[in-house]
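Engineer: Here is my input, please return the structure:
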Amino acid sequence: MRTITLESGRPSGDRSIGAGQPCYVIAEIGINHNGSLEIAKQLIDEAVAAKVDAVKFQKRTPEVCVPRDQWDVMRDTPWGRMTYIDYKRKTEFGMLEYTAIDQYCRERGIDWFASAWDVESVDFLEAFAPCLYKLASASLTDLALIERILHTGRPLMLSTGMSTMQEIDEAISLVAQYDANYPLMVAHSTSAYPCKPEELNLRMVPTLQSAYPNIPIGYSGHETGLSTTVAAVTLGATFVERHFTLDRAMWGSDHAASVEPQGFQRLVRDIRDVETALGDGVKQVYESELGPMKRLRVNINPVYSL
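Structural biologist: Got it, this is the predicted structure:
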């Protein structure tokens, strides 16, 4: 498996994703900022405290992404009752907010990027030279959007929820036709919020590794616990992504399937412990075993009768 190098503005320098590299841990802020730059900065601070590698947002052009017949549907929101299109506009960050986010992440020494949900959003995000692009599961069949991202030349992470193997293969084939060596990553995912354990299907991680041995495979989870995400790393996920919130009880569609700050700290800690514990698979007698071996092993050659 080849590795993907992300050009990072962090003091620690560029970061590689792939076999032999530490798992790249992503805290997806998404739309959990609820349209507040202050909340976004709090989430960035908590992500830094948890020692994650990157935070991720979602960027949409509401007029493109919201079906026209849904624009005027009324919705109760924290800002009062308003049309769905106005609600989506209210929660969407623009140039002012993303400029502040870009600066703040650089100051805090953490990567940031976003899922681009439409071509205009890619054009918008290009102003910030993101370290990579995420293609949400819902966009896996949006070939025009994939092609626009490919033209940026930046690493691309494909998420595979709500998709068949044929659809996954078609998206990967499109990338390969554009450039056989394009920096591509693929995340196993199930698009249920929150997702039941019996639908996580974590064995898809090695399945995708077998199908695409030259592509780093990761995991994007929407479950409520932490252990299953750690298990994905044990199965070989080279990057993981979980939704991130200050409080799962906050208003909004993604908070219930998100991880709170203390949980994310435990998640990163457990991932790093597992990476250390996996070792290299070569049997050896450790120095720490010599004392017990001397005390406990009986150095008598047994006599066996046949």
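
Engineer: which residues touch Leu235?
Structural biologist: By CB atoms under 8 Å, 6 or more residues apart in numbering, the contact list for Leu235 reads Leu202, Arg203, Val205, Pro206. (C-beta placed from N, C-alpha, C; glycine too.)

Engineer: Among these, which are located in helices?
Structural biologist: Among those, the members falling in helices (DSSP state H) are Val205, Pro206.

Engineer: Got a quick ChimeraX command for the buried subset of the contacts of Leu235?
Structural biologist: Restricted to buried positions by 16 or more other CB atoms under 10 Å, the ChimeraX selection for the contacts of Leu235 reads:
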select :202,205
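
Engineer: What is the nearest of the contacts of Leu235 to Gly252?
Structural biologist: Minimum separation from Gly252 among those (CB to CB) is found for Leu202, which lies at 26.8 Å.

Engineer: Pull up the per-residue confidence for the most centrally placed residue in the chain.
Structural biologist: Nearest to the centroid of the C-alpha atoms of the chain, with distances taken as CA atoms, centre = their mean, sits Glu241, at 2.6 Å. pLDDT for Glu241: 97.

Engineer: Can you tell me the SS state at it?
Structural biologist: strand (DSSP: H, G, I helix; E, B strand; the rest coil).

Engineer: who's in contact with it?
Structural biologist: The contact partners of Glu241, by CB under 8 Å, 6+ apart, come to Ile26, Ala27, Glu28, Lys56, Ala187, Gly218, Tyr219, Ser220, Gly221.

Engineer: which helices and strands sit right next to whatever helix or strand Leu174 lives in?
Structural biologist: According to DSSP states H and E, Leu174 maps onto helix 165-178. Helices and strands touching helix 165-178, as assessed by 3 or more CB pairs under 8 Å, 6 or more residues apart in numbering; DSSP states H and E, comprise helix 143-150, strand 156-159, strand 184-189, helix 204-211.

Engineer: Save the ones you listed as JSON lines, and put in mean pLDDT and distance to Trp251 too.
Structural biologist: Rendered in JSON lines, the data for these read as follows (pLDDT from 0 to 100; distance: least, CB to CB, whole Å):
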{"stretch": "helix 143-150", "mean pLDDT": "97", "distance to Trp251": "29"}
{"stretch": "strand 156-159", "mean pLDDT": "97", "distance to Trp251": "25"}
{"stretch": "strand 184-189", "mean pLDDT": "98", "distance to Trp251": "24"}
{"stretch": "helix 204-211", "mean pLDDT": "98", "distance to Trp251": "32"}
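
Engineer: for the ones you listed, which one sits closest to Trp71?
Structural biologist: Nearest of those to Trp71, taken as CB to CB: helix 143-150 at 21.2 Å.

Engineer: what's the closest one packed up against?
Structural biologist: Helices and strands touching helix 143-150, by 3+ CB pairs under 8 Å, 6+ apart, are helix 119-125, strand 133-135, strand 156-159, helix 165-178.

Engineer: okay, those in TSV with mean neighbour count next?
Structural biologist: Converted to TSV, these look like this (neighbours: other CB atoms under 10 Å):
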stretch	mean neighbour count
helix 119-125	18
strand 133-135	25
strand 156-159	24
helix 165-178	15
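
Engineer: Mind checking the ones you listed for the one nearest to Pro67?
Structural biologist: helix 119-125 (16.3 Å).

Engineer: Need the contact partners of the closest one.
Structural biologist: Residues outside helix 119-125 that contact it (CB under 8 Å, 6+ apart) are 59-61, 64, 95, 98, 114, 116, 133, 144-145, 148-149, 152.
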